[in-house]
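> Build me a model:
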Amino acid sequence: MTESLISVGIDLGTTTTQVIFSRITVENIAGAASVPRIQIIDKSIIYEGAIRFTPLLDPTVIDAEAVLTIVQDEYRQAGFLPADVSAGAVIITGETARKENSQAVLRTLSGLAGDFVVATAGSDLESILAGRGAGTAEMSKTTPGRALANLDIGGGTTNTAVFLDGQPLDTSCLDIGGRQIALDPSGKRYGRVSPKYAELGRRLGLRLEEKAPVVLDDLKILCARLAAVMAKSLGLNGEGEGASDARLDEDLELMITAHPLKKIRPLHGLTFSGGVADFIYGRPATDPFLYGDIGPILGQAVANCPLFGQTPILTPQETIRATVVGAGSNSLELSGSTITLTRPDVLPLKNVPILKLTEEDEADDYKHFSSRLAERIGWFKEGEDEGCQTLAVAFKGPKNPGYDDVLRLRDHLLNGLDHYLAHNETLIIVLEEDLAKSLGQALKNSLPGRNVVSLDGVQVENGDYIDIGVPVVSGRVVPVVVKTLVFGR
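Reported below is the predicted structural model:
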C-alpha cells in the first residue's frame, strides 16, 4: 500500500531565499507478517519557487517579517495551505546563520507546517548538505575508492565537502562568495566590501573600499586570486596562475572561515554548486554586474583557473538549488526490540541530527573509531569554545559480539565522546545490528544519572534527523521517524 505526502523545503541563504514543494510517495516494504517498514519509493518536485534575495534590515539583522511574507506567498503560488504539508525542512545557511536574529527567524518559519527539520547549518554540515544536494555524494558511489569534492559557492561562503563511496570524509569553508562585494544602487561605486576582501585588495595593490569607483579589471584580478585560493585549499598546485606565489598560502589563511581540509587527498573529480556555479558551467555573463555583486566575475574566474584543469570537472545534478531541492521527507521506522532507555520520560525527542560513522571507521577492531568520532563531533559544535547540540551517534555495529567486545566498543565510544559528554546530559546511540540493549546497559553503568537512549534496527545517514517517540508494544520498541533530506529529482 502506497501513500503520498507533500513536503516543503525552505533555504534561507546569504544571498537568496528559496522554497520548493515535493510529492513524496512511501510504501510499506515489509511482508504482511512483519513489522511495518516504510520506505520512500518516489519523489518529484511539483513546485519551484522564485529565487529571491534574502531580505535584511541591516548587514547583521534578517528581516523576519519579510522572510515570512516570501514563504507565505510561495505557499499561495503553489496552491497549498500549511495544513496540506506533512513534512519539510527549514535550513539557514552561510553568513545568514551568523545574523543575530537567525534563531527567531527559524522559529517563525517552523510554525508553517508540521514535522519540520529546523536547523542552523554550520559550515561543516552545510558543506555536506550541499554536496549531497549537488549529487556529488551519489556520484562518488560510482567511483569506488576515488574521492570527489563539491565546492558550493554562494553569496558569502564556499563550502567544500569531500566524499568517498557516498560518505563525507572531510569539509572546509572559505569566506569566498559572490556577495562579499556589492555595488551601490548607482552601480558605479562599491556599496559593501567585506574586511577580508579589502585586505586582499591591499595585498594585490587594488583599491577595494566602500564608495570607491568600481574598476572591472581590478575585480577580475581579485577573482582570479580567489579562484587560485580555492584550488590551493584542495591541494591543487602547479605552474598555473598564482600557483608558485609564496603569498598564496597567506591568502588562503585569510579566507579560511573555520578550518582547512584536514587531510589533502588526490581528487578524481570536482563539482560546483551554489549561485555562482552556473557561471562556471558556461552561463554567459553578458553583464558582469547582473546581480549588483561579483558573482558572475568569480564564476568565470573559477572556470578559467588553470589549477582546476588538473582534475576532471563533473556536472552536478543541481547548482543554485543544491541545498533546498526536495528537502524534507519522513521515513517511518520502528526500533529493534532490544533497546535501552534509562529515562523514558525524556521521550519524545524531536529533530535530533545524525552523526553517522562508516564501516571504514569501524575497521581494524575499531582502531580509529574514537579519533574519527571526536573529529566529527566538531561538525555539530555550536561555537569554538562551546558544547554541541544534542545528536545521535549512528553506526552499523558488530554482529554477535561477546561481552568483552561490547565493553571495548563502550570504551571507544566514551573516548570519542569526551567533549560531547562534558556538555550534554543525553547520549543517543543508533545501531543497525542487534546490540542496543547490551551496549546501552554498558554505557548506563559508566554514565550514572545520564539519559542513555540506545536503539537498533534503524538505518540512517549523515544529514538525516530523527524523532524518537514514546515506547510502544509494552515498552519493547519505540517509533522512530527518520527525516531524510531528500536530494535530487
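
> ok, longest helix in the chain?
helix 216-233 (DSSP state H).

> now the next helix-or-strand element following that helix against helix 216-233, angle please.
Sequence order places helix 248-255 as the next helix or strand after helix 216-233, per DSSP states H and E. Between helix 248-255 and helix 216-233, the angle comes out at 90 degrees (axes from the mean of the first three to the mean of the last three Cα atoms, to 10 degrees).

> which parts of helix 248-255 are buried?
248, 251-252, 254-255 (16 or more other Cβ atoms under 10 Å). Yep, even glycine has a C-beta here, placed from its N, CA and C like the rest.

> Would you pull up how far that helix lies from the middle of the chain?
24 Å (Cα atoms, centre = their mean, to the nearest Å).

> following it, which helix or strand shows up next?
Following helix 248-255 toward the C-terminus (DSSP H and E): strand 270-273.

> Give me the mean pLDDT for that following strand.
For strand 270-273, mean pLDDT is 95.

> could I have that strand exported to PDB, CA atoms only?
Extracted in PDB, the C-alpha atoms of strand 270-273 (Å, rounded to 0.1, in the frame of the first residue of the first chain):
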ATOM      1  CA  LEU A 270      35.100  18.100  -8.800                       C
ATOM      2  CA  THR A 271      31.600  19.600  -8.900                       C
ATOM      3  CA  PHE A 272      30.500  23.100  -8.200                       C
ATOM      4  CA  SER A 273      27.100  24.200  -6.800                       C
END
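
> if we can go back for a sec, closest one to T16 out of the buried residues of helix 248-255, please.
Distances from the buried residues of helix 248-255 to T16 were compared by Cβ to Cβ; the smallest belongs to M255, at 21.7 Å.

> What values do phi and psi take at the residue lying closest to that closest one once chain neighbours are set aside?
With sequence-adjacent residues excluded and distances taken as Cβ to Cβ, 6 or more residues apart in numbering, M255 is closest to L174, at 4.6 Å. Backbone torsions for L174, taken as degrees, to the nearest 10, come to phi -120, psi 150.

> List the buried residues for the longest helix of the chain?
Those would be 218-233, for helix 216-233 by 16+ other Cβ under 10 Å.

> again, but for stretch 200-211
Result for stretch 200-211 [16+ other Cβ under 10 Å]: buried residues 200-201, 206, 208.

> With pLDDT, secondary structure and distance to Q317 as extra columns, can I get those residues in CSV?
Below are the buried residues of stretch 200-211 laid out as CSV (pLDDT from 0 to 100; DSSP: H, G, I helix; E, B strand; the rest coil; distance: Cβ to Cβ, whole Å):
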residue, pLDDT, secondary structure, distance to Q317
L200, 97, helix, 32
G201, 96, helix, 36
L206, 96, coil, 37
L208, 95, coil, 35
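
> Redo these as a markdown table? Include distance to A149.
Below are these laid out as a markdown table (distance: Cβ to Cβ, whole Å):
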| residue | distance to A149 |
| --- | --- |
| L200 | 23 |
| G201 | 28 |
| L206 | 29 |
| L208 | 29 |
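
> quick one: strands adjacent to the strand or helix carrying I46?
Using DSSP H and E, the element containing I46 is strand 38-48. Strand 38-48 pairs in its sheet with strand 16-28 (antiparallel), by DSSP bridges.
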